[in-house]
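Trainee: Coordinates for the following, if possible.
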Amino acid sequence: MAQKETFLTPEGLEKLKAELEHLQSVRRPQVAEQIHRAKELGGTVDNAEYDDAKNEQAFVEGRILTLETMIKNATLIKEEKTPSSFVKLGSKVRVRNPDGEEEYYTIVGSVEASPSKGRISNESPVGSALLGKRV
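Mentor: I've put the predicted structure just below:
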């Protein structure tokens, strides 16, 4: 099965790499130590601490796999210095709502979307409606 492209800005890619590094070098050993301590305290049967540590391990390992896949399938969004004649990934747009209020957005991939920070996904209804439009 083909993996879905992950559209990222260079900053977004660096954040994902930093998170991956942290999980691999800090969180994974911490969770392994928690599992070891829980085993020493009372074995693995009916041990809530052990179960919690194993659940945490599953979460960390799942997130590591997800990040590795996103990084492997990353397509960088190039930031252009000159404005484009149409809206595409990486474009900064100004939208006027029916009340006349203006809102500013940057079109990014779904991984980096944060509407409260003015970063909307190319897959969102507003983002997909804006793609390909002209001024």
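Trainee: Residue 115: what's it in contact with?
Mentor: Residue 115 makes contacts with residue 124, as judged by C-beta atoms under 8 Å, 6 or more residues apart in numbering. Heads up, the C-betas are built off the backbone N, CA and C, glycines and all.
Trainee: Against residue 11, how distant is it?
Mentor: Residue 115 sits 18 Å away from residue 11, going by C-beta to C-beta, to the nearest Å.
Trainee: Which secondary structure element is home to residue 99?
Mentor: For residue 99, there is no host helix or strand (DSSP states H and E).
Trainee: neighbours of it, just the number please.
Mentor: Applying other C-beta atoms under 10 Å, we find 5 residues neighbouring residue 99.
Trainee: partners of the strand ranked longest in the chain in the sheet?
Mentor: For the chain, the longest strand by residue count, based on DSSP state E, is strand 102-108. Using DSSP bridges, the strands paired with strand 102-108 are strand 92-96 (antiparallel), strand 119-121 (parallel).
Trainee: Perfect, that will be all.
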